[in-house]
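[1] just the structure for this:
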Amino acid sequence: MSSWASLSSNARIGSFLALFASLATACGSGSAGASSPDTSPDAASSGGASSGSGSSGGDDASSSGGGTGSSSSGGGSSGSDSGASSGASGSSGASSSSGASGSSGASGSSGASSGDAGGSTTCSAATVGTDGDFKGYRMFPANHPINTAIDQLAVSAHSADWLANCSQAHQYLQLDLSMPYNIVPANTPPVTATNLDYNSKPYPNPWPIPASASIESGDGHCLAFEVGTCKLYEVYDFAWGSGMTTFTGGSGTVWDTTTDDPGNGSGSDAAGLPITPLLIRYDELIGAGAINHALRFTCASTEQGHIAPARASASSSAGSGIPANPNDPTFPPMGMRVRLKASYDPTSHSAPPAIVALLKALQKYGLLLADNGSKSSPMYITGASDDALSNALSSGASIVKQITTSDLEVVDTGEPTQD
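    Next up, the predicted model:
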């Protein structure tokens, strides 16, 4: 082979172009890498599993009544049967900690394991239905606090106190599979909110809630995700008006799930958080085999304080779980993040795959305190009212119930804002 120095200028150029072409061919066979964050305003879900009436699968599989909790204080939503609000304005905007933003390029992700980049960036692939399949769409961007892993965060200095006072009578986890959600088409005839007790006026209107929408028994939550806009509509204490063209409620909020939208309204639970993105759902846990976001849960007792992304706290007038000193710092605030300790082995009980996947999610993404349960309730983890989900979890739900506060720890996401 001739040396580079001995080649003519034309020969050198030809060799360089040949090398460049071979490199371009090799690079072109690679993929673009991780998907971009969830920012496309398209559409959602599939009929998925049939809707359930609430708790099923036995005493351990689920439990109704996990959300008896209190109303939100401070402009937040009332997340329960009781009422008034007192609360905080804290935005639910994302803090961009460890979640991957899903850049195009690297096949892994920055800070998140594969699969954490948010799944589908469009909600348009979904089918309409109750407790349906979002087809991989993850609500809110990948770096939103709901979607951010907490397995590497430091333990909070408040961990022991907050866990001890969360649910003093029953210091263990339990599944509450009683929350229906509805995925609705973009052409759903709109209805109008005529009164929302804890919202400021003007109310967000209109709402794409069909007459066939499933509504939670008890607290009356009505949750609707609109295909085409990727907007989430949630109402607490929903009641139809005459002719089912209007409705009233305790509180309600509209979120654009393609952004870090803090929501137009006061929320639909005590913490002012969206409910649907924080549920255990069949399409994720069973269909995809993993949950890549935090899960909502309740405590029997909470103080009147909150940590973002929570925006409010339970009202002292609600009569459920507020200590004698409403701002007692030894009681947990709304927005508290709890994880299953890394020392806990999710495979140690020969649990079914769905339970193992759930426990791994509790270690990586953890639990987000969103509401109060009844005064003697355990720590309820909220899931969809889906018969297929209840059946899939029934054989291993007792394993979840064996997890006590000694297996858990609160992570440090900041000090609470007092309401």
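
[2] if I look at Ala193, how far off is Pro206?
    Separation of Ala193 from Pro206 (CB to CB, to the nearest Å) stands at 8 Å. Glycine gets a C-beta too; all of them are placed from N, C-alpha and C.

[3] so for those two, which residue has more residues nearby?
    The neighbour comparison of Ala193 against Pro206 (other CB atoms under 10 Å) goes to Ala193, with 23 against 15.

[4] surely the more buried one is in contact with Thr253?
    No: counting by CB atoms under 8 Å, Ala193 sits too far from Thr253 to count as a contact (11.0 Å).

[5] and Ser398, its phi and psi?
    Backbone torsions for Ser398, taken as degrees, to the nearest 10, come to phi -70, psi -30.

[6] now Glu234
    The phi/psi pair for Glu234 (degrees, to the nearest 10) is phi -130, psi 130.

[7] okay, now it: neighbour count?
    Glu234 has 28 nearby residues by other CB under 10 Å.

[8] can you tell me the closest non-neighbouring residue to it?
    Ser268 (3.9 Å; CB to CB, 6 or more residues apart in numbering).

[9] you'd agree that neighbour is in a strand?
    No: counting by DSSP: H, G, I helix; E, B strand; the rest coil, Ser268 is not found in a strand; it is coil.

[10] which ones are touching it?
    By CB atoms under 8 Å, 6 or more residues apart in numbering, the residues touching Ser268 are Ser77, Gly79, His221, Leu223, Glu234, Val235, Tyr236, Ser251, Gly252, Thr253, Pro274, Ile275.

[11] rerun at 7 Å
    Residues in contact with Ser268 (CB atoms under 7 Å, 6 or more residues apart in numbering) are Ser77, Gly79, His221, Glu234, Val235, Tyr236, Ser251, Gly252, Thr253, Ile275.

[12] if the fourth one is in a bridge, with which residues?
    To tie it back to what came earlier, the one meant is Glu234. On the basis of DSSP bridges, Glu234 is bridged to Leu223, Thr253.

[13] from Leu196, how far off is it?
    Distance from Glu234 to Leu196, by CB to CB: 11 Å.

[14] now do the shared contacts for these two.
    Gly252.

[15] run the chain-centre distance for stretch 137-147.
    8 Å (CA atoms, centre = their mean, to the nearest Å).

[16] can you get me the start-to-end distance on it?
    12 Å (CA to CA, to the nearest Å).

[17] same question, stretch 208-228
    12 Å.

[18] now do the buried residues in that stretch.
    Neighbour-count burial for stretch 208-228 flags 208-209, 213-216, 218-228 (criterion: 16 or more other CB atoms under 10 Å).

[19] now do stretch 288-308
    Buried-residue list, stretch 288-308, by 16+ other CB under 10 Å: 288, 290-308.

[20] what's the model's confidence in stretch 136-155, averaged?
    Mean pLDDT, computed over stretch 136-155, is 97.

[21] now swap in stretch 291-311 and tell me
    96.

[22] how about that stretch as CSV, C-alpha atoms only?
    The C-alpha coordinates for stretch 291-311 follow below in CSV (Å, rounded to 0.1, in the frame of the first residue of the first chain):
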residue,chain,number,x,y,z
ILE,A,291,-44.3,1.3,36.9
ASN,A,292,-42.1,4.3,36.1
HIS,A,293,-43.7,6.9,38.4
ALA,A,294,-44.6,7.5,42.0
LEU,A,295,-47.8,6.0,43.5
ARG,A,296,-50.2,7.9,45.7
PHE,A,297,-51.0,6.8,49.2
THR,A,298,-52.8,8.0,52.3
CYS,A,299,-51.9,8.4,56.0
ALA,A,300,-54.4,8.4,58.8
SER,A,301,-52.9,11.6,60.2
THR,A,302,-51.1,14.5,58.7
GLU,A,303,-50.0,18.0,59.7
GLN,A,304,-51.2,21.2,58.0
GLY,A,305,-48.2,21.5,55.7
HIS,A,306,-47.1,20.4,52.3
ILE,A,307,-43.9,19.7,50.2
ALA,A,308,-43.9,20.2,46.5
PRO,A,309,-45.2,18.9,44.2
ALA,A,310,-48.1,18.9,46.7
ARG,A,311,-49.9,22.3,46.7
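
[23] measure how far it is from the centre of its chain, please.
    Using CA atoms, centre = their mean, the offset of stretch 291-311 from its chain centre is 11 Å.

[24] any idea of the mean pLDDT in stretch 334-341?
    pLDDT averaged over stretch 334-341 gives 98.

[25] can you tell me what sits against it?
    In contact with stretch 334-341 (CB under 7 Å, 6+ apart) are residues 150-151, 162, 270-271, 302, 306-310, 312-313, 359, 362-363, 366-370, 403, 407-411, 413.

[26] now the end-to-end length of that stretch.
    End to end - CA to CA - stretch 334-341 spans 21 Å.

[27] a strand runs through Tyr380, doesn't it?
    Yes: counting by three-state DSSP, Tyr380 is found in a strand.

[28] wait, it sits on Gly373?
    Yes: counting by CB atoms under 7 Å, Gly373 is a contact partner of Tyr380 at 5.5 Å.

[29] low-confidence ranges in this structure?
    1-119, 315-320 (pLDDT under 70).

[30] now do the helices in it.
    9-28, 58-61, 159-166, 282, 353-364, 387-394, 397-401 (DSSP state H).

[31] what angle do the fifth one and helix 387-394 make?
    In this case it means helix 353-364. 80 degrees (axes from the mean of the first three to the mean of the last three CA atoms, to 10 degrees).
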